[in-house]
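Chemist: below are the sequence and a predicted model; questions follow.
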Amino acid sequence: MTKLFLDANVLVSAAYSDSGRLVELWSFPDELCSSPYAVEEAHRNLRLPERHARLDRLLTAMSIASGLAPLPAGIVLVEKDRPILQAAIYASATHLLTGDKRHFRHLDGQRVEGVLIQRPGDYLRLRRPPKSS
């Protein structure tokens with residue numbers, strides 16, 4: 001089974017609109033999860049009450065991983081992003097979806113402790129059936 005760990009920036013983007021592309025993630029049979037750290041960061045980055053409410057609705061369909069696994073040797077991340085990858089590993093996620101190009105770019109497309117780090121758009125493109133001509 002596919003288990004997607006959603007970074008805070010994915011949660012924020014999904015909370016902006018019920019019709020946005022990222023909301024499509026909730027329509028897949030994949031298990032969705034995140035962490036208290038990512039959820040808190042997402043809430044900090046949302047300004048409008050309706051976006052907080054939308055995020056809270058999305059969170060009801062997700063599990064929250066409360067632990068942190070150690071980072072493997074050789075993995076370099078800024079301190080604020082370490083808990084994201086650590087929680088994804090702890091949750092036994094198959095994928096970590098993040099839009100953080102700045103800090104996760106060097107890990108994009110790589111597996112770390114079984115977790116494939118991927119941009120959400122790349123994941124969605126792979127999940128969609130090809131369009132027929």
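Modeler: All right, it came through fine.
Chemist: I'd guessed residue 92 sits against residue 114; true?
Modeler: Yes. Residue 92 is in contact with residue 114 according to C-beta atoms under 8 Å; the separation is 7.3 Å. Every C-beta, even on glycine, is put in place using the N, C-alpha and C of the backbone.
Chemist: higher neighbour count, those two?
Modeler: Shown here are residue 92 and residue 114; by other C-beta atoms under 10 Å, residue 92 has more neighbours (15 against 11).
Chemist: doesn't that one fall inside a helix?
Modeler: No. Residue 92 sits outside any helix when classified using DSSP: H, G, I helix; E, B strand; the rest coil, being coil.
Chemist: measure how far the helix or strand of the chain with the lowest mean pLDDT is from the centre of its chain, please.
Modeler: In the chain, the helix or strand scored least confidently by mean pLDDT, DSSP states H and E is helix 101-104, which has a mean of 81. Put simply, helix 101-104 sits 13 Å off its chain's centre (C-alpha atoms, centre = their mean, to the nearest Å).
Chemist: and the contacts of that helix?
Modeler: Helix 101-104 is contacted from outside by 77-78, 81, 96, 98, 108, 117, 119, using C-beta atoms under 8 Å, 6 or more residues apart in numbering.
Chemist: top of the residues you listed by neighbour count?
Modeler: Counting neighbours by other C-beta under 10 Å, residue 98 leads the contacts of helix 101-104 with 26 neighbours.
Chemist: which residues touch the nearest residue to it once chain neighbours are set aside?
Modeler: Take residue 98 and drop its neighbours on the chain: the residue closest to it by C-beta to C-beta, 6 or more residues apart in numbering is residue 7, 3.8 Å away. Neighbour list for residue 7: 34, 38, 84, 96-100 [criterion: C-beta under 8 Å, 6+ apart].
Chemist: before we move on, back to that, with just CA atoms, put the least confident helix or strand of the chain into CSV.
Modeler: The C-alpha atoms that make up helix 101-104 are tabulated as CSV, following Å, rounded to 0.1, in the frame of the first residue of the first chain:
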residue,chain,number,x,y,z
LYS,A,101,12.7,22.9,-3.7
ARG,A,102,15.3,24.8,-1.8
HIS,A,103,16.0,22.3,1.0
PHE,A,104,14.9,19.0,-0.5
